[in-house]
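>>> what shape does this take:
(chains A and B)
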Amino acid sequence: MTYKASLAIVDLTRGEIHITRTPPPLVQAYLGGRGLNMAYLRHYLKAAGDPMQVDPLGPRNPLIFGAGLLTGTLAPNAARFNVSARSPESGILGDANCGGFFAAAMRKAGFDRLVVLGRAERPSYILLEAGQVQIRQADSLWGAKVVEAQEQLKALHGPGTVSAVIGPAGERQVRMAAVMTGKKNAAGRGGMGAVMGSKNLKAVVARGGAAIEIAEKEALRTLRIQQQGYLKDSKIVQVLGRVGTPLLYEVSNRMGAIRTRNSQDNFFADTLNAEEIEKYSDKMLACTSCVVHCRHRNTLGGEGPEYSTIGLLGANLGIAPTDQVIMLNNLVNELGLDASSVGTIIGWAMELFQRGLIDEKMVGGPLLWGDYETTYELIENIAYRRGFGDILAESTQAARYFPPQAKDYLIAVKDLPQSDPHDVRYFKGFALGIAVASRGADHLRNRPTLEIFNLPDQVRAQIYGRPNDPDPTGYKDKGLIVAWSDDIYAIADCLGICKFVTHGFNSPHLLGYEHFVELIQAATGLQFDAQSLRNVGRLVLDTERMINADFGLTRLDDTLPKRYFDEPMPARKTKGHHIDRQGFQHMLAEYYAERGWDRSGQVLPERQAEVDALLSALPRP
Amino acid sequence: MRIHVRLAEPFWRAVGQRDLDLEIENNAAVSDLLALLQDRFPALVNEMAQAQPHFFIAEQEANPETSLQDGARVHIVWPVAGG
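Numbering: from 1, shown residues only, chains lettered A, B, ... in the order given. As a prediction, this is how the structure comes out:
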């Protein structure tokens, strides 16, 4: 095996640095990225004693940066890394996935993974360079916004320096603070930026120089050429390269499935359509090794927006002017906030104000749908924890400041605000997906996007492994398709490959297990077949379930926002659709059976023992 | 009769405009409209080979057999859903 998984463990309290390698059996079992991060997360949380007693914003919470197994190689769209910890937003498993150029630089600096423990006495950053690690003071960086911090670090360390940083929101431990790299690439979900802030860690800086060791260089080059050609023939790749994810807005809006005014409505203005966003774009940008180029450089000084940002800072807040939504997008990125959580939480607050559950005395003035100026100021106040912003900075945990019925209007699962702007009451598989996703309400764990295509029965059977009910609004067989999606998206996250080229994410003509097996073999020498690779996905899902069980999660937590059950969608094609509680329980039972879990949604004891035996290969912290 | 057509991504790129007003014979169905569009704009044939279009009329989804009414507004979209 060529692949040697290099790991740096940094204890900021003690100022200690330990450089080691991940044991090969663990690499074979979990690959890298999200998978190995989950292995280490469970390992460190268990080592702390009772994981429930690990304060997400305390020094015992491990913060793990992990590059995908293929990240930085010639494999298509292999740019990604995961940042994982106990989430200060949800209180459960926290894990955020991010593109850009940082992870490739980290690998070229000699490290696949970084575990950060403890808390620095003063603002610090970690420098990874030429296989060495240094802890440096960051007093002069503290207070800098996202791009400014990266520019200062680049000026200090020279060309080729790539950083993952926090902005003012992370410094103030805002529970929806992101880890940022570049102008908009965000490890956004779950408040990983707040965990960095709690450790007084402003940045992780990578200066790559060394080549990544490849098992079969020529074979990998050949695969790259073949797979790039295959991907470029795909319509979704072509269209994403032209207009990016804003493509999705018009479709959701036409169906009546765009979260609007905190899901009180389900359609909104055409001003947020892709061709309107395109008017503010002067270039399409890419991440490391990308063949898609889906990221807009906008003419208002930032990058993006993506579909999620358009929906959640636009339709969800009742803000229609295109330029205003782009400005809000640029603002959240510059301050280092998760756009999905911020858009959901502000929409929630606007509805609470509309219903009189909070008042001007608490808010500091009116909080009205479509009010751009107030929203802009509120986002700044969240990041700097000022006034009412300090309350919303608590994300879903702000509920403790509001009347009890406020939670009825919160669009979140497991205390994580829903990530994407799609109202899931119509496609029942989408609803099941966000209900069971391991980090809370999130579409990027398992969204069965093929449900929208009306694929022939035979094709569906071929994809999902057996015949299944094609009705996307029914409750049958949704456990099958969500479990299938769980596994392949987990593998993409383990490899560091983008979902936009992963089989099942908007096309059945993208990279699947067979492609991944070839890439892994050529890049690392590790041997898999399609089934054994899918089994890695199953292991990741089981490990995540075990981590969350330690945080006390049960079947009752695999649920949906109350509104999705109780209120039918108001208009357009989706009118009248909601989630039937009995139907939902049927989907849940089916899903647990597909996953091999018990009826309460827990991993079986013998499997738990198997997972923990694997993790025993890791040295005791 | 006269039909208004709005084309979403990626179809409008093959036509060069988002909105079209078309004359079509009375009693035509959505499939006839599709044939007319592909005849007038051959680049659409290729676009629609990979991106199967869906049709919406008056807020509801239509199928190829759906009859068109004079003055109908037809929105043709490519259904995708991600994030």
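
>>> contact residues of chain B facing chain A?
With C-beta under 8 Å from any C-beta of the partner chain as the criterion, chain B meets chain A at residues B:8-10, B:12-13, B:18, B:47, B:50-52, B:56, B:59-61, B:75, B:77-83. C-betas here are computed from N, CA, C, even on glycine.

>>> name the nearest residue to residue A:527, ignoring sequence neighbours.
Take residue A:527 and drop its neighbours on the chain: the residue closest to it by C-beta to C-beta, 6 or more residues apart in numbering or on different chains is residue A:521, 6.4 Å away.

>>> residues in contact with that neighbour?
A:215, A:216, A:219, A:527, A:528 (C-beta atoms under 8 Å, 6 or more residues apart in numbering or on different chains).

>>> just the pLDDT at the second one, thanks.
Reading off the per-residue confidence, residue A:216 sits at a pLDDT of 97.

>>> residues near it, how many?
When neighbours are counted by other C-beta atoms under 10 Å in any protein chain shown, residue A:216 registers 15.

>>> measure the closest residue to it other than its chain neighbours to residue A:75 for me?
Leaving out its chain neighbours, the residue that sits closest to residue A:216 by C-beta to C-beta, 6+ apart is residue A:522, at 4.6 Å. Going from residue A:522 to residue A:75 by C-beta to C-beta, to the nearest Å gives 8 Å.

>>> and for residue A:428?
Distance from residue A:428 to residue A:75, by C-beta to C-beta: 34 Å.

>>> am I right that residue A:9 sits in a strand?
Yes - counting by DSSP: H, G, I helix; E, B strand; the rest coil, residue A:9 is part of a strand.

>>> contacts only, for it.
So residue A:9 contacts A:17, A:18, A:19, A:20, A:114, A:115, A:117, A:621 (C-beta under 8 Å, 6+ apart).

>>> now with 10 Å?
When contacts are counted by C-beta atoms under 10 Å, 6 or more residues apart in numbering or on different chains, residue A:9 touches A:16-20, A:40, A:44, A:62, A:64, A:113-117, A:133, A:619, A:621.

>>> okay, it: pLDDT?
98.

>>> where along chain B do the helices fall?
Using DSSP state H, the helices of chain B run over B:11-15, B:30-40, B:43-50.

>>> just name the most buried of those helices.
helix B:11-15 (a mean of 19; mean count of other C-beta atoms under 10 Å in any protein chain shown).

>>> ignoring the adjacent residues along the chain, who's closest to residue 78?
Chain wasn't specified; assuming chain A. Nearest one to residue A:78, counting by C-beta to C-beta, 6+ apart, is residue A:70 at 4.2 Å.

>>> not what I meant, chain B
residue B:51 (4.2 Å).

>>> verify the stated contact: that neighbour with residue A:251.
No - assessed by C-beta atoms under 10 Å, residue B:51 is found out of contact with residue A:251, at 11.1 Å.

>>> need the overlap of contacts for the two.
In contact with both residue B:51 and residue A:251: B:8, B:9, B:77, B:78, B:79, B:80, using C-beta under 10 Å, 6+ apart.

>>> narrow those to those in strands?
residue B:77 (DSSP state E).

>>> flag the shaky bits of chain A, pLDDT-wise.
A:1-2 (pLDDT under 70).

>>> how about the longest helix anywhere in it: buried residues?
If you go by DSSP H, chain A has its longest helix at helix A:530-550. Neighbour counts using 16 or more other C-beta atoms under 10 Å in any protein chain shown place A:533-534, A:536-550 of helix A:530-550 among the buried residues.

>>> what subset of the residues you listed is also close to chain B?
The subset of these within reach of chain B, by C-beta under 10 Å from any C-beta of the partner chain, is empty.

>>> what residues does the stretch 151-300 of chain A put near chain B?
So far as C-beta under 10 Å from any C-beta goes, the stretch 151-300 of chain A lies against chain B at A:233-236, A:238-240, A:242-243, A:245-257, A:267, A:270, A:273-275, A:278.

>>> dump the residue contacts of the residue lying closest to residue A:174 once chain neighbours are set aside.
Ranked by C-beta to C-beta, 6+ apart and with sequence neighbours excluded, the top spatial neighbour of residue A:174 is residue A:393, at 4.2 Å. Residue A:393 makes contact with A:169, A:172-177, A:194, A:337, A:342, A:345, A:381-386, according to C-beta under 10 Å, 6+ apart.
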